[in-house]
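In: pasting the sequence and the predicted coordinates here, then a few questions.
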Amino acid sequence: MSSHYGNLQKIRDGKRTYAITPHIPGGFLTPKTLMKIAIVAEKYNGVLKITSGQRIMITNLKEDDLSSIWNELEMEPAVKNQYSVKNVEMCPAGFCKRSKHNTIGLGMKISNAFHGVDMPNRTKIGVAGCRNACGSVYSKDIGVLTDYNGKLIISAGGSSGYHQRLANIIKSELSENEAFELVKSILDYYKEEAEFGEKLGFFIDKIGVENFRKAVINKANLEYTKENNII
């Protein structure tokens, strides 16, 4: 990544093209911001790509234009450090008929508190308003989803990358405040105890799921019980 937060994409006939990805919290943006992205992309001959992380990537850019593009967008980069909380993805929740709880507010609170925070490895968080877990919550490093009764469930250790791993349920029957504190506890414990470069799922496998659950639940000052792992 260059100093202008552009990723090198292709080198064709000696010519380099770059891509940038502005930060769009939870994938929600105003029509005004969407129009600004389109206008700036058109001005600099950019190509728009909707990413899997609920963002809009602008690619096919020249390196010399990156600084001007960021200034005109007036937006922050989605990722400044690969070893950080990269994504907090959210389902439509309160706008969806299937939602059991409007998790958008909690998702934004998590995003505002933890997006960009340094971690041992890239870390993704998913937030969903029902057990359909839209946004592939069970494949995220940390998942927040709503049970049938409107209470929240926290999962951890998921990965859809080169080494696939389904997340483990850490604790259920949580309020919004309890869920937020448990997410914070998981991130803190992971940062304190894992080795640099170690994905959260690998760290959980190394120390054992039940040891991990007990540690993060106690750290969040919640009641620890040896619940069944429902995944």
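Out: It's in. Numbering: from 1, shown residues only.
In: which residues does Met75 contact?
Out: Contacts for Met75 (Cβ atoms under 8 Å, 6 or more residues apart in numbering) come out as Pro22, His23, Thr33. From N, CA and C alone the C-beta is placed, and that goes for glycine too.
In: for the longest helix belonging to the chain, what is the average pLDDT?
Out: As assigned by DSSP state H, the longest helix anywhere in the chain is helix 176-193. Mean pLDDT, helix 176-193: 98.
In: C-terminal to it, what's the next element?
Out: helix 200-207 (DSSP states H and E).
In: before we move on, back to that, would you format the contacts of Met75 as TSV with secondary structure and neighbour count included?
Out: TSV is the format used below for the contacts of Met75 (DSSP: H, G, I helix; E, B strand; the rest coil; neighbours: other Cβ atoms under 10 Å):
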residue	secondary structure	neighbour count
Pro22	strand	22
His23	coil	14
Thr33	helix	16
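In: so for the longest helix of the chain, what gets flagged as buried?
Out: Buried positions in helix 176-193, judged by neighbour count with 16 or more other Cβ atoms under 10 Å: 176, 178-187, 189-190.
In: contacts for that helix, please.
Out: Counting by Cβ under 8 Å, 6+ apart, 85, 105-106, 109-110, 113-114, 117-120, 123, 125, 142, 144, 152, 154, 156, 170-171, 174, 200, 203, 207, 212, 215-217, 219-222 sit against helix 176-193.
In: narrow the residues you listed to just the buried residues.
Out: 85, 106, 109-110, 114, 119-120, 123, 125, 142, 144, 152, 154, 156, 170-171, 174, 200, 203, 212, 215-217, 219-220, 222.
In: dump the residue contacts of the residue minimising distance to the centre of the chain.
Out: The residue lying closest to the centre of the chain (Cα atoms, centre = their mean) is Asn87, at 2.2 Å. Residues near Asn87 by Cβ under 8 Å, 6+ apart: Gly53, Gln54, Ala78, Lys124, Ile125, Lys140.
In: in strands only, show me the residues you listed.
Out: Using DSSP state E, the members of the contacts of Asn87 that fall in strands are Lys124, Ile125.
In: which of the contacts of Asn87 lies closest to Gly161?
Out: Checking the contacts of Asn87 against Gly161 with Cβ to Cβ, the nearest one is Lys124 at 9.7 Å.
In: would you turn the contacts of Asn87 into JSON lines with pLDDT and distance to His101?
Out: JSON lines is the format used below for the contacts of Asn87 (pLDDT from 0 to 100; distance: Cβ to Cβ, whole Å):
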{"residue": "Gly53", "pLDDT": "92", "distance to His101": "23"}
{"residue": "Gln54", "pLDDT": "95", "distance to His101": "19"}
{"residue": "Ala78", "pLDDT": "94", "distance to His101": "26"}
{"residue": "Lys124", "pLDDT": "97", "distance to His101": "21"}
{"residue": "Ile125", "pLDDT": "98", "distance to His101": "17"}
{"residue": "Lys140", "pLDDT": "97", "distance to His101": "18"}
